[in-house]
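1. The amino acid sequence is not available; the structure is as follows:
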């Protein structure tokens, strides 16, 4: 059973007098443990698709299911809940909270659950990504690669089935990018599906497959 | 992690955010400090003023005067009336007073002054020079003002309406308002004052409540069949003065409240800026599964933290200001902790809390309801 699956996913919106077809009839599925990249020119609808997969945006038409459950008709609150349970996010600009330490940043998704084990789990994740000696550092005290590792640890703290990464290597040099992609590979080997939207050709060396999107349609 | 943050984790985020822009947060909190200081210290100042004035009024509330019901044609009070009043107000001091005007002369000075006929003036009045005999059978007591003017001392002789009296005592000056104040006149034995009956009866009770009870008893006894007397309770005077002060105080506190509202606007401004600056962070929170309500609570907590910090500092400063005000005006700094003042401190703090909460609502609502996709767009 795929972790995430879409059928005829379509997104259109009005931009002034024009109707923009951001996504057209997208059928797409990712299995557990798969590392998939989405490539395509700017404005082709990559990020729109990613937002849709992450339940941040609603499709105009079509169906979407996560972990075998239909997620198309959920209300705002349920979508947020589903996101929390099944999905982790990694962003190009890391988006760490500058006032919180590395460990607290990793705890963020579960901070409100008052789960006594979260701090330990956050520390474990950071150690796993080689940041055991950076637990109490603020983001400003970390390098780009370290920040992205903290962000990846944050995306995993809620034990998601799916990690969505938007240009995860966009702000990193080539060597650091390789390290980060290797981390994603490791995550997949533990059974988590990773979908990365990217321009970076380096990514192709690490993924199981690549889908291309042009003008809102999947072409490969 | 700190145990407080473990229990209320959103407070961690909120507190760190407040500390992120310390100057801006401090300025917003300063607004609240000033507002709280304005409300609380104006309130305390008003209470101090009121207390100081009512203190000057002395025990006026304990006094009553019983006078003839002139509207019913009663011109004077009889001995029977006096006995009735004495029975009605058995535990009080009852002093019947005759009143007239007369010409007083001493040496070359001549002056028309009020003349009082009182049998036992010592029960209401005190002497600053000489001694007040009880009962007063002969001689005169001279009011302090008149004594100053005529330069009369105890032991001198003055002439009142052609008769010569030895001055037994010069009366002490009375501060504030009293039911009987013969400062500008002379007190003679009742028989020396023209007219039959008495013009008023002064009743002095132990306290204002006893005075009120006596007033009712006197009305019951004397006015039961027909209205013979009018009873004036001085307590009503001090009540009126008190209610004037209440209005003034409310007005002062209201002015203070305006400054707190201004402080609220500054919190609103800071929170709006903060919500705009942290657009992406808030987007991330929403993406990783924070409900709108969670974001709302975090933002509100920030605003309220500013309010509480400002409120606490404001109350501490107000207490300090109160101590100074009360030391200067009353000579008693501890009056700052009178229950009424504690009420002002509590009200000012509560107002600071509510103001910051209300100011945080709109920015928090705005942040919580922003579309996460928009928020995350760089």
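-> Noted; the coordinates are in hand. All values derive from a computational prediction rather than experimental measurement. Numbering: from 1, shown residues only, chains lettered A, B, ... in the order given.

2. By proximity to chain A, which residue of the stretch 1-150 of chain B wins?
-> Each residue of the stretch 1-150 of chain B has a distance to chain A, by CB to the nearest CB, and the smallest belongs to residue B:16, at 3.5 Å. Heads up, the C-betas are built off the backbone N, CA and C, glycines and all.

3. and that residue, how many neighbours?
-> Per other CB atoms under 10 Å in any protein chain shown, the neighbour tally for residue B:16 reads 18.

4. repeat for residue B:138
-> Counted with other CB under 10 Å, residues neighbouring residue B:138 total 12.

5. tell me the SS of the closest residue to residue B:131 other than its chain neighbours?
-> Nearest in space to residue B:131, with sequence neighbours left out and distances taken as CB to CB, 6 or more residues apart in numbering or on different chains, is residue B:169 at 5.7 Å. In three-state terms, and counting by DSSP: H, G, I helix; E, B strand; the rest coil, residue B:169 is strand.

6. In contact with residue B:169, which residues?
-> For residue B:169, the contacting residues are B:127, B:128, B:129, B:130, B:131, B:132, B:141, B:142, B:154, taking CB atoms under 8 Å, 6 or more residues apart in numbering or on different chains as the criterion.

7. Farthest pair within these?
-> The distance between the two most remote of the contacts of residue B:169 (CB to CB) is 13.3 Å, for B:131 and B:142.

8. List the residues that contact residue B:162.
-> Residue B:162 makes contact with no residue, according to CB under 8 Å, 6+ apart.

9. Looking at the contacts of residue B:169, state which has the most neighbours.
-> residue B:142 (34 neighbours).

10. So what sits opposite that residue in the bridge?
-> According to DSSP bridges, residue B:170, residue B:186 are recorded as the beta-bridge partners of residue B:142.

11. Relative to the whole chain's centre, how far out is stretch B:364-378?
-> Mean C-alpha position of stretch B:364-378 versus that of the full chain (CA atoms, centre = their mean, to the nearest Å) differs by 52 Å.

12. Check the spatially most central residue of chain A and give its pLDDT.
-> To find the centre residue of chain A, average its C-alpha atoms and take the closest one (CA atoms, centre = their mean): that gives residue A:164, at 1.5 Å. Turning to residue A:164, the model gives it a pLDDT of 95.

13. My guess is it contacts residue A:198. True?
-> No: at 11.8 Å, residue A:164 does not count as touching residue A:198 under the criterion of CB atoms under 8 Å.

14. Would you check that residue B:66 makes contact with residue B:230?
-> Yes: distance between residue B:66 and residue B:230: 7.4 Å, which falls inside the contact criterion (CB under 8 Å).

15. higher neighbour count, those two?
-> Neighbours were counted for residue B:66 and for residue B:230 using other CB under 10 Å; residue B:66 has more, 29 against 17.

16. how far is the helix or strand containing that one from where the chain is centred?
-> Under the criterion DSSP states H and E, the helix or strand holding residue B:66 is strand B:63-68. For strand B:63-68, the distance between its averaged C-alpha position and the chain's averaged C-alpha position is 26 Å (CA atoms, centre = their mean).

17. ok, it: who's next to it in the sheet?
-> As defined by DSSP bridges, the strand partners of strand B:63-68 come to strand B:200-204 (antiparallel), strand B:229-233 (antiparallel).

18. OK, contacts around residue B:311?
-> For residue B:311, the contact set (CB under 8 Å, 6+ apart) comprises B:32, B:36, B:348, B:349, B:352, B:353, B:356.

19. is it fair to say it lies in a helix?
-> Yes: secondary structure of residue B:311 (three-state DSSP): part of a helix.

20. any idea what sits nearest it, other than its immediate chain neighbours?
-> Closest residue to residue B:311 apart from its sequence neighbours, by CB to CB, 6+ apart: residue B:352 at 3.6 Å.

21. how close does that neighbour get to residue A:202?
-> Look at residue B:352 and residue A:202: by CB to CB, to the nearest Å, they are 56 Å apart.

22. Please list all residues in contact with residue 7.
-> With no chain named, the answer covers chain A. Here residue A:7 is in contact with A:27, A:62, A:63, A:64 (criterion: CB under 8 Å, 6+ apart).

23. looking at chain B here, not the other one
-> With contact set as CB under 8 Å, 6+ apart, residue B:7 has these partners: residue A:114.

24. From residue B:291, how far off is it?
-> Computed as CB to CB, the residue B:7 to residue B:291 distance reads 19 Å.

25. what does chain A have sitting close to chain B?
-> Chain A has residues A:51, A:54, A:56-57, A:76-77, A:80-81, A:83-85, A:88-89, A:91-93, A:95, A:97-100, A:104, A:108-109, A:111-112, A:114, A:116, A:119, A:154-155, A:158 near chain B, with proximity defined as CB under 8 Å from any CB of the partner chain.

26. One more pass at 7 Å, please.
-> A:51, A:54, A:56-57, A:77, A:80, A:83-84, A:89, A:91, A:93, A:95, A:97, A:99-100, A:108-109, A:111-112, A:114, A:119, A:158 (CB under 7 Å from any CB of the partner chain).

27. These, buried ones only, as a ChimeraX selection?
-> Restricted to buried positions by 16 or more other CB atoms under 10 Å in any protein chain shown, the ChimeraX selection for those reads:
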select /A:51,54,56,57,80,83,84,89,91,93,95,97,99,100,108,109,111,112,119,158
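
28. Which of the residues of chain A next to chain B fall in strands?
-> Taking DSSP state E as the definition of strands, those contribute residue A:89.

29. can you pull out the strands in chain A?
-> A:4-15, A:18-30, A:35-39, A:61-66, A:69-70, A:87-90, A:162-166, A:193-197, A:209-214, A:217-218.

30. Which elements pack onto the longest one?
-> Here strand A:18-30 touches strand A:4-15, helix A:46-53, strand A:217-218, going by 3 or more CB pairs under 7 Å, 6 or more residues apart in numbering or on different chains; DSSP states H and E.

31. Pull up the pairing partners for the shortest one, direction included.
-> Pairing partners of strand A:217-218, with direction, according to DSSP bridges: strand A:209-214 (antiparallel).

32. Next, the angle strand A:18-30 makes with the strand it pairs with.
-> Interaxial angle of strand A:209-214 relative to strand A:18-30 (axes from the mean of the first three to the mean of the last three CA atoms, to 10 degrees): 170 degrees.

33. I'd like the average pLDDT over strand A:209-214.
-> Computed over strand A:209-214, the mean pLDDT rounds to 93.

34. Give me the residues contacting it.
-> Residues outside strand A:209-214 that contact it (CB atoms under 7 Å, 6 or more residues apart in numbering or on different chains) are A:28, A:36-41, A:44-46, A:49, A:204, A:218-220.

35. got a winner among these for most neighbours?
-> Each of the contacts of strand A:209-214 was scored by neighbour count (other CB under 10 Å); the top score is that of residue A:49, with 28 neighbours.

36. The spatially closest residue to it that is not a sequence neighbour: how many residues sit nearby?
-> Once flanking residues are discounted, residue A:49 sits nearest to residue A:23: 5.9 Å by CB to CB, 6+ apart. Around residue A:23 there are 28 other residues, counting by other CB under 10 Å.
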